[in-house]
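Visitor: Here you go, sequence then predicted model.
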Amino acid sequence: MKPRVMEISIDPGTPSWTNPILSFLRDGTVPKDRQEAMKLRRKASRYTLVDGILYKRSFSLPLLWCLNPYEAEYALREVHEGVCGSHMGARTLAHKVLRQGYYWPNMYKDATHFVQRCLKCQFFAHLTHQPAEELTTLVAPWPFAQWGLDLLGPFVKGVGGVTHVIVGVDYFIKWVEARPLSSLTSKKIEDFVFGSIICRYGIPNQIVADNGPQFNCTSFRDFCSSYGIKLQFTSVYHPESNGMVESVSKCILEGIKPRLEQHKAKWADKLNNVLWAYRTTSRTATGETPYHLAFGTEAVIPIEIGVPSFRVTHFDEGRNGQLLRENLDLLDDLREEARLRTLVYKQKIANFYNKRVRPRSFKVGDLVLRKAGLTGFETRFGKLAPNWEAPTLSLKCHTQVLISCGTLKANEFPESGISIT
Ligand SMILES: [Zn+2]
């Protein structure tokens, strides 16, 4: 049988905290310093020798066996990761060792240090859901200047082989455009941006999209730069940072689902209804409907035909034209009000979000672990997969955001574990 080597990093010959007490209890040896001698006498009154072994009188158990640093390291390792160890946390570890009848000073501190340096505990540590930095809110400077793009799907194949929906949302007035797609090529995305955004609302200043291959590719980059559009991507690890588009996509999905009943393949037919509903419903952020902010007046919706509204029953072409022109004159004021309301709303959200922030900072050379799963790492292990990937070395950092990291070679792994950062 291959002999098992126990990793002990402390030399057994290291001076132990037990030595002065043992000497005093065995033959009354005290330090020359009077104060130190008094201290030792007082301290030793809580200890006793039984068959040459030092015990501490305890509150929880009759006697606790006092361990030297060498034995303490062994006790922690055995209880934490031995045959009946469960890689428990520091507090449980310290309590378990204590309940087994062992003692040394600073048990909890040593247990904490030990658990922090356990590699397995770090690879399988819970994922951190608290944000590392404060929320950055985006407010577009003018209508139709900044659009967010997102893909919804896959859905059941509909008429024309459509399986996905491309959604575009204006950041200022929350106007939404969407189109069903049969394939996710950059050409289809370009057609949508050109036909549904550029030709209708002018050339935007900026487009924000996630890192999908349809957006983050040479063809779409070239398309955007040919119109002078700035293309920005959200982080691979934080696709939800394009929050507004994500929430509109969710609204569209929730609008389609209840309309389908048994005919799920007809989802594309319902898209226009959902878009109409979205555009004519007031948004919490702006306090206005996207339609009102876009055209200065509200759209006529079916209820005004079913139960005729005042403007429908008293329609006068000349008067209507005049009112529309007046509304257009007041449109800038309306948009300014909506902008201010949006700022207040976003500030409220930021205040709520920022309460949960737990700052974490990195510097070049820090040893860090990367969240597993997002890059397809170890997916073959399913539920048994570690939560964190192998240690990597941070190369580029910007305040609290880790921009990139490199992988350590096998011989560069730290011998005694690393600390989570
Ligand atoms: Zn562990």
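Guide: All right, it came through fine.

Visitor: So residue 93: helix, strand or coil?
Guide: Of the three states, residue 93 takes helix under DSSP: H, G, I helix; E, B strand; the rest coil.

Visitor: Apologies, that question was intended for residue 179.
Guide: Applying three-state DSSP: residue 179 is strand.

Visitor: Now for it: which residues touch it?
Guide: 165, 166, 192, 196 (Cβ atoms under 8 Å, 6 or more residues apart in numbering). Using the backbone N, CA and C atoms, a C-beta is placed for each residue, glycine as well.

Visitor: Among those, which lie within helices?
Guide: Of those, the ones assigned to helices by DSSP state H are residue 192.

Visitor: for the contacts of residue 179, which one is nearest residue 93?
Guide: residue 165 (51.5 Å; Cβ to Cβ).

Visitor: Which residue comes closest to that closest one once chain neighbours are left out?
Guide: Among residues not flanking residue 165 along the chain, residue 152 sits closest, at 4.2 Å (Cβ to Cβ, 6 or more residues apart in numbering).

Visitor: How much space separates the one you found from residue 89?
Guide: Using Cβ to Cβ, to the nearest Å, we find residue 152 at a distance of 41 Å from residue 89.

Visitor: can you check residue 158 too?
Guide: Taking Cβ to Cβ, one finds residue 158 at 51 Å from residue 89.

Visitor: quick one: which of these two has more around it?
Guide: residue 158 (19 against 13; other Cβ atoms under 10 Å).

Visitor: Give the full set of residues in contact with the closest residue in space to the more buried one that isn't next to it in sequence.
Guide: Nearest non-adjacent residue to residue 158, counting by Cβ to Cβ, 6+ apart: residue 268, 4.2 Å away. Contact analysis of residue 268 by Cβ under 8 Å, 6+ apart lists 158, 159, 160, 162, 165, 180.

Visitor: biggest helix in the chain, by residue count?
Guide: Per DSSP H, the chain has its longest helix at helix 331-354.

Visitor: The helix or strand following that helix: partners in the sheet, and parallel or antiparallel?
Guide: Counting by DSSP states H and E, the next helix or strand C-terminal to helix 331-354 is strand 367-368. Strand pairing for strand 367-368, using DSSP bridges, gives strand 392-398 (antiparallel).

Visitor: for the protein, which spans come out with low pLDDT?
Guide: Across the chain, the ranges flagged by pLDDT under 70 are 1-14, 139-141, 235-242, 373-380, 390-421.

Visitor: near the ion, which residues of it?
Guide: 87, 118, 120, 121 (Cβ under 5 Å from the ion).

Visitor: what's the spacing between residue 138 and residue 62?
Guide: Taking Cβ to Cβ, one finds residue 138 at 65 Å from residue 62.

Visitor: and these two? which has more neighbours close in?
Guide: Counted by other Cβ under 10 Å, residue 138 and residue 62 do not tie: residue 138 has more neighbours, with 15 against 8.

Visitor: ok, now which ones touch the more buried one?
Guide: 146, 171, 208, 244.

Visitor: for residue 388, same thing?
Guide: With Cβ under 8 Å, 6+ apart, residue 388 has these contacts: 122, 123, 124, 125, 369, 370, 371, 372.

Visitor: Could you tell me how far it is located from residue 248?
Guide: For residue 388 relative to residue 248 (Cβ to Cβ), the value is 33 Å.

Visitor: Kindly report the same for residue 77.
Guide: 53 Å.

Visitor: Which one's more surrounded, these two?
Guide: residue 248 (23 against 16).

Visitor: Which strand or helix spans that one?
Guide: helix 243-260.

Visitor: contact partners of that helix?
Guide: 138, 148-150, 152, 165, 167, 169, 171, 174, 176, 178, 208, 239-240, 266-267, 270-271, 273-275, 277-278.
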